[in-house]
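Q: Structure here, sequence nowhere to be found:
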């Protein structure tokens, strides 16, 4: 199973054999794997090109869209509609080197606090615990 997650060029000979063995069982799986590798190649190239070549990155993204549409794999076609809905944000991530890692970290910490705060009867107490953890100490809420 892990051979599908690794980059194709990083596979050992044994892993290549297993990959080819699995892909020979299903044309559908082979197409899906090829699409995954095409996406990865586009993404790696887009990161390398950076903000100076946005037009080329976008053209290659459209080529990937076309490749997915001709593949007939419904799951990838659905992912393309998501890409198209968020295309502006995706392109901005290459233009400005932005990511949402900081916000995801805050969300993760808050979820951990929520799991540990099981049994709090007052929402205000839970809220204060979250705010205090994230250094928002000037909150105008009085806890009795």
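A: Now that the structure is in, tell me what you want to look at. Keep in mind it's a predicted model, so treat the numbers as computed, not measured.

Q: which residues in the chain form helices?
A: 13-23, 27-49, 54-71, 74-85, 87-96, 101-116, 123-133 (DSSP state H).

Q: The fifth one: which residues count as buried?
A: Neighbour-count burial for helix 87-96, with 16 or more other CB atoms under 10 Å as criterion, is recorded at 90, 91, 94. Quick note: C-beta positions are derived from backbone N, CA and C, even for glycine.

Q: And the first one, by the same measure?
A: By 16+ other CB under 10 Å, the buried positions in helix 13-23 come out as 18, 19, 23.

Q: which helices and strands sit right next to it?
A: The contact analysis (3 or more CB pairs under 8 Å, 6 or more residues apart in numbering; DSSP states H and E) places helix 13-23 against helix 27-49.

Q: average model confidence for the helix it packs on?
A: For helix 27-49, the mean pLDDT works out to 93.

Q: Show me how far that helix is from its chain's centre.
A: From the chain centre to the centre of helix 27-49 is a distance of 14 Å (CA atoms, centre = their mean, to the nearest Å).

Q: what does stretch 76-87 give?
A: 12 Å.

Q: Give me the residue ranges of the chain where confidence is low.
A: By pLDDT under 70, the low-scoring segments of the chain are 1, 136-144.
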